[in-house]
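Novice: I'd like to go over a predicted model; first the sequence, then the structure.
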Amino acid sequence: MTDQSADTAASLTYTSYLALDEVLGAQRPRSDEHDEMLFIVIHQVYELWFKQLLHELDELQRVLVSGHTPHAVRVLRRVLTIFKVIVAQIDVLETMTPRQFTSFRARLDASSGFQSAQFRELEAVLGRRDERAFAHYPQGGAQRAQIEGAMSRPSVFDSFLAYLHSHGYAVPVDLLERDVRKPVEPSPGLQKVLLQVYADDSGPSTVAEHLVDLDEGLQEWRYRHVKMVERTIGDKPGTGGSPGAAYLRKTLFQPVFPDLWAVRSEL
Ligand code: HEM
Ligand SMILES: N[C@@H](CC(=O)c1ccccc1NC=O)C(=O)O
């Protein structure tokens with residue numbers, strides 16, 4: 001290597017590999033209030049975990065369709081562990097008092113969690129099929145396309161049905177061939193199959209239980225988010241234009257895999 005090439009082709013470093021100039025240059029508080037930095041960092045960490053979750057769920061769907069139980073369980077364990085982390089980190093934000101938040105809240109203008117496209121994509125990948133998810137995402141925009149894309153592909157639940165089918169379970173054909181752009185309807189036929197899955201108590205029942213954990217994880221996140229909202233802004237309306245906590249409370253008990261819950265009283 002000549003001296004010249006040593007100058008131009010910089011060797012890989014910790015900083016360059018992790019693109020830290022970009023990552024650490026991306027915290028730009030709009031106020032001089034001390035707590036705004038925490039607010040920004042926490043949200044950025046969330047978005048990174050959402051990105052990783054989407055990456056893992058993509059893998060999960062491929063593995064489920066291939067029917068390979070141990071691999072599916074490994075991916076699910078990672079997803080669940082990330083969920084534990086993102087629920088736990090609410091504790092950090094809750095060290096911010098209502099007065100500390102109020103000190104910079106006005107600087108947030110009308111921005112809000114409603115604009116987290118990755119969160120909406122995550123819901124869609126898990127199975128949400130609901131036009132209301134498109135509010136705040138203008139038609140023709142890249143974020144809208146991303147969410148629409150996820151809503152027009154088979155969901156994690158659809159991939160789970162394909163997985164059960166590949167393991168010889170008699171999943172109703174109308175479910176296997178359903179229009180994946182529509183919400184999945186509760187199915188007594190599928191619930192009978194799930195009871196058989198649990199009775200067999202082998203790989204597929206472990207996968208099913210992990211999916212229940214995942215559903216519970218998302219509900220835990222919603223619950224902790226609402227409590228954080230209640231303690232921080234009380235009944236104030238949200239910056240995103242909703243009634244705030246009252247709106248969020250209505251989202252609390254919407255499971256993503258209703259059939260997996262419907263069978264619990266028969267187990
Ligand atoms: C002090 C902290 C927080 C407060 C007071 C707060 C408040 C709110 C409020 C009031 C809404 C309803 C939308 C609106 O009208 O503004 C909302 C929605 C949302 N927030 Fe937060 N939030 C906080 C932290 C977070 C964090 C850390 C995240 C992580 C990404 C987050 C993600 C979301 C998401 C995804 C929604 C949409 C939920 C849905 O429609 O189901 N929020 N938040
Ligand atoms: N919606 C919150 C503001 C808020 O929490 C927020 C603002 C900008 C970016 C992300 C946010 N987090 C979750 O909603 C509020 O009404 O105070």
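Specialist: Noted; the coordinates are in hand. Because the structure is predicted, anything quoted here is derived from the model rather than measured. Ligands and ions are numbered 1, 2, ... in the order given.
Novice: alpha carbons only for contacts and neighbour counts from here, please
Specialist: Fine.
Novice: what pLDDT is listed against the closest residue to ligand 1 within the stretch 51-200 of the chain?
Specialist: Closest residue of the stretch 51-200 of the chain to ligand 1, Cα to the nearest ligand atom: residue 113 (3.6 Å). With respect to pLDDT, residue 113 has a value of 98.
Novice: which one is the residue most central in space within the chain nearest to, not counting chain neighbours?
Specialist: For the chain, the residue nearest the mean C-alpha position is residue 122 (3.9 Å; Cα atoms, centre = their mean). If the residues on either side of it in the chain are set aside, residue 122 comes closest to residue 54, at 6.4 Å by Cα to Cα, 6 or more residues apart in numbering.
Novice: how close does the one you found get to residue 30?
Specialist: Counting by Cα to Cα, to the nearest Å, the gap between residue 54 and residue 30 amounts to 29 Å.
Novice: more neighbours, the two?
Specialist: The residue with more neighbours, out of residue 54 and residue 30 and counting by other Cα atoms under 10 Å, is residue 54; that gives 20 against 11.
Novice: surely the more buried one meets residue 120?
Specialist: No - look at residue 54 against residue 120 with Cα atoms under 8 Å: they stay out of range, at 10.9 Å.
Novice: about what we covered before: just give the nearest non-adjacent residue to the residue of the stretch 51-200 of the chain closest to ligand 1, would you?
Specialist: Nearest to residue 113 is residue 240, by Cα to Cα, 6+ apart, at 7.5 Å.
Novice: circling back: need the contact list for the residue nearest to the centre of the chain.
Specialist: 50, 53-54 (Cα atoms under 8 Å, 6 or more residues apart in numbering).
Novice: ok, now with 10 Å
Specialist: Residues near residue 122 by Cα atoms under 10 Å, 6 or more residues apart in numbering: 50-51, 53-54, 57, 128, 147, 150.
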